[in-house]
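Peer 1: Provided below for reference: sequence and predicted model.
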Amino acid sequence: MAKQHKTPLLDELEKGPWPSFVTDLKQQAETKPECWDILGQLELSYKDRITHWKHGGIVGVFGYGGGIVGRYSDVPDQFPGVEHFHTLRVAQPSGMYYSTENLRALMDLWEKYGSGVTNIHGSTGDMIFLGTRTENLEPLFWDLTHNLGQDLGGSGSNLRTPSCCLGVSRCEWSCYDTQEVCHSLTMHYQDEIHRPAFPYKFKFKFSGCPNDCVAAIARSDFAVIGTWKDKIRIDQAAVKKYIDNDPAYPSCGGAHKGRDWGKFDIRKEVLNLCPTRCMWMEGDELKIDDAECNRCMHCINVMPRALRPGVEKGASICIGAKAPILDGAQFGTLIIPFVQVTKDNDFQDLIDVIEKVWDWWMEVGKNRERVGETMQRVGLPTFLSVMEIEPMPQHIQEPRSNPYVFWKEEEVPGGWERDIVEFRKRHAA
Amino acid sequence: MALSTEELKKAIIEKAKKSPKPQLYIKDFYECDPDAKPRDIKKVANALVTEGELMFWSSGSTTMYARPDRIQNEEK
């Protein structure tokens, strides 16, 4: 039975005006005594300057190769409450919509089988349950799947739980139905989510517009980010209302209005902040050179009643983002500038791209190498040729920055063979 | 696939038994049938887990395979 430990170092973290996980764990320990041992072991780690968690393990539920991460204490005699302290990942609903009834049921389940400690949501998107024993895993999984109709998420070398923004359910800027895609592909790829398939983790994230509220471009191997092909829609009358500081037209939709930011200045707050400088005023009319727009969304965010995304909507696919374990963090690289995202063909256009990436990466990727690292290793031109995509201007950040796409011999008339005598007649050595 | 599913299962089990490393990545099994697609190898390896011939070991970020008698078991 876990008991309270002296934690003078951790107690320091309770001082100050901010919330403290130490206070939360002490509160939780009143009903779940194993939480005293979390604090005790962490205090020991602070003293020893080393973690006392052992890494990984064989735990799981039958038929699944993911969703549970084994955690064991390396000092179980001192802290028996955390001898086993496994993590469970519960797949989140698309857009993270929960009913309060469902949230209560999930918390009741976790109070019954685990420590009651949660992390909502983890960076993959799942609801994370922190701390249970091996013998509780199967009964918990049974109740989760049979009574609540929910599932575990992905972990290990699996496809991780796909995640998406609120999409068209609440956001007028969403260029495709992110929740529909996220749910459909989650169901389509059940085997890849629940059983390991790859050299390392692989993540999908779906954002409805370039605001990218799920940070797909920074955190997912395969980011599908809504965009439009045609022109930003402009309501010139509404633009004038913003310029006239009409109170019904607050900039940024009224966000941050708790402070006086002064009179709205379209030149200072919109035109001069456009990264490609593709906007200007002609008299009272706002003009946009849409060919130069890079979809930063700033103007639309500032004047939401005047500007909207175009009508020819779809998505861009960026591949290869990752966090900084090797070689530093990297954003996804734009591979497909525009793709239609439609349920009419069950998202087959997306599936075709996904599986082409997987087939190549499973073969060429090294162990524990994210697809973005494999792309970096072989180079963008090679990756494009694997994907059977012609290099295009959108693949290049800026002229003379990364334009090295080499000709192949078969693409050059006459190949590499040259008549050196003929050549030297024109170019003396 | 040059090998039948049963032949591939045998080759994977053999590899898991004899490999100097007790725990193997999925890519380590590719050499069991160089003509097979990685996805087919993955399906067969995962089927062997269901049959009890192999077990998963996961660090949380990566998953490995091993024979039950060779796996690193934290609960032993």
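Peer 2: That came through fine.
Peer 1: Show me what from the stretch 101-250 of chain A comes close to chain B.
Peer 2: Neighbours of chain B within the stretch 101-250 of chain A, by C-beta under 8 Å from any C-beta of the partner chain: A:Thr134, A:Ser155, A:Gly156, A:Ser157, A:Asn158, A:Arg195, A:Pro196, A:Ala197, A:Phe198, A:Pro199, A:Tyr200, A:Lys201. Any C-beta I mention is one placed from the backbone N, CA and C, and that applies to glycine too.
Peer 1: Now for those residues, which sits with the most neighbours around it?
Peer 2: Ranked by the number of neighbours (other C-beta atoms under 10 Å in any protein chain shown), these place A:Ser155 first, at 31 neighbours.
Peer 1: Run through the residues that contact that residue.
Peer 2: Under the criterion of C-beta atoms under 8 Å, 6 or more residues apart in numbering or on different chains, the contact partners of A:Ser155 comprise A:Gly66, A:Gly67, A:Ile68, A:Val69, A:Arg89, B:Ser58, B:Gly60, B:Ser61.
Peer 1: from memory the fifth one sits against A:Gly154, does it?
Peer 2: It stands for A:Arg89. Yes. Between A:Arg89 and A:Gly154 a contact is recorded at 7.2 Å, counting by C-beta atoms under 8 Å.
Peer 1: So for the two, which residue has more residues nearby?
Peer 2: It is A:Gly154, of A:Arg89 and A:Gly154, that has more neighbours when counted by other C-beta under 10 Å, with 30 against 26.
Peer 1: shaky segments in the chain?
Peer 2: Going with chain A. Counting by pLDDT under 70, chain A contains low-confidence residues at A:1, A:400-405.
Peer 1: I was after chain B.
Peer 2: B:1, B:76.
Peer 1: how about the strands in it?
Peer 2: B:55-58, B:63-66 (DSSP state E).
Peer 1: neighbouring contacts of the first one?
Peer 2: So that's strand B:55-58. Contacts of strand B:55-58 with the rest of the structure, by C-beta under 8 Å, 6+ apart, involve A:56-58, A:60, A:65-66, A:68-70, A:155-156, A:196, B:23, B:49, B:63-68, B:71-72.
Peer 1: and if you look at stretch A:59-67?
Peer 2: Contact with stretch A:59-67 is made by A:68, A:70, A:86, A:88-89, A:134, A:137-138, A:141, A:151-156, A:158, A:193-196, B:46, B:49-50, B:56, B:58, B:63, as judged by C-beta under 8 Å, 6+ apart.
Peer 1: if you set the cut-off to 6 Å instead, what comes out?
Peer 2: When contacts are taken as C-beta atoms under 6 Å, 6 or more residues apart in numbering or on different chains, the neighbours of stretch A:59-67 outside the stretch itself are A:68, A:70, A:86, A:89, A:134, A:137-138, A:141, A:152-156, A:158, A:194-196, B:56, B:63.
Peer 1: Stretch A:368-381 too?
Peer 2: With C-beta under 6 Å, 6+ apart as the criterion, stretch A:368-381 contacts A:Pro199, A:Tyr200, A:Asp221, A:Gly320, A:Lys322, A:Gln330, A:Trp361, A:Val364, A:Gly365, A:Phe383, A:Val405, B:Thr62.
Peer 1: quick one, phi/psi of the third one?
Peer 2: The phi and psi torsions at A:Asp221 (degrees, to the nearest 10) take the values phi -70, psi -30.
Peer 1: How about the contacts made by it?
Peer 2: A:Asp221 sits next to A:Phe202, A:Lys203, A:Val371 when contact means C-beta under 6 Å, 6+ apart.
Peer 1: please redo it, this time with the cut-off set to 8 Å
Peer 2: Applying C-beta under 8 Å, 6+ apart, we find A:Asp221 in contact with A:Lys201, A:Phe202, A:Lys203, A:Phe204, A:Ile319, A:Gly320, A:Ala321, A:Lys322, A:Gly332, A:Arg370, A:Val371, A:Gly372.
Peer 1: Give me the subset of these lying in strands.
Peer 2: A:Phe204, A:Ile319.
Peer 1: just the helices in the stretch 251-400 of chain A please.
Peer 2: Using DSSP state H, counting those that start in this stretch, the helices of the stretch 251-400 of chain A run over residues A:266-269, A:298-302, A:348-364, A:371-378, A:380-386.
Peer 1: I'd like those helices written out as JSON lines, with mean neighbour count added.
Peer 2: Formatted as JSON lines, these follow (neighbours: other C-beta atoms under 10 Å in any protein chain shown):
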{"stretch": "helix A:266-269", "mean neighbour count": "15"}
{"stretch": "helix A:298-302", "mean neighbour count": "19"}
{"stretch": "helix A:348-364", "mean neighbour count": "18"}
{"stretch": "helix A:371-378", "mean neighbour count": "20"}
{"stretch": "helix A:380-386", "mean neighbour count": "17"}
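Peer 1: Same list (those helices) but as TSV, adding distance to B:Ile13.
Peer 2: As requested, those are exported to TSV (distance: least, C-beta to C-beta, whole Å):
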stretch	distance to B:Ile13
helix A:266-269	66
helix A:298-302	57
helix A:348-364	21
helix A:371-378	29
helix A:380-386	32
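Peer 1: hmm, back to that, could you pull out the residues contacting both of A:Arg89 and A:Gly154?
Peer 2: Between them, A:Arg89 and A:Gly154 have A:Gly66, A:Gly67, A:Thr124, A:Asp126, A:Thr161 as joint contacts when contacts are counted by C-beta under 8 Å, 6+ apart.
Peer 1: Just name the closest of the residues you listed to A:Met96, please.
Peer 2: Using C-beta to C-beta, A:Asp126 is the member of those that lies nearest A:Met96, at 10.1 Å.
Peer 1: Ramachandran coordinates for that closest one?
Peer 2: The phi and psi torsions at A:Asp126 (degrees, to the nearest 10) take the values phi -70, psi 160.
Peer 1: Now for it: which residues touch it?
Peer 2: A:Arg89, A:Val90, A:Ala91, A:Gln92, A:Gly153, A:Gly154, A:Thr161.
Peer 1: Leaving out chain neighbours, which residue sits closest to the residue of the stretch 301-429 of chain A found nearest chain B?
Peer 2: In the stretch 301-429 of chain A, the residue found nearest to chain B is A:Met362; the distance is 3.8 Å by C-beta to the nearest C-beta. Taking C-beta to C-beta, 6 or more residues apart in numbering or on different chains, and ignoring the residues beside it in sequence, A:Met362 has B:Pro38 as its nearest neighbour in space, at 3.8 Å.
Peer 1: One more: A:Leu326?
Peer 2: Leaving aside its sequence neighbours, A:Leu326 sits nearest to A:Glu373 (C-beta to C-beta, 6+ apart; 6.1 Å).
Peer 1: Wait, A:Val168 touches A:Phe206, no?
Peer 2: No. Under the criterion of C-beta under 8 Å, A:Val168 makes no contact with A:Phe206, lying 11.6 Å away.
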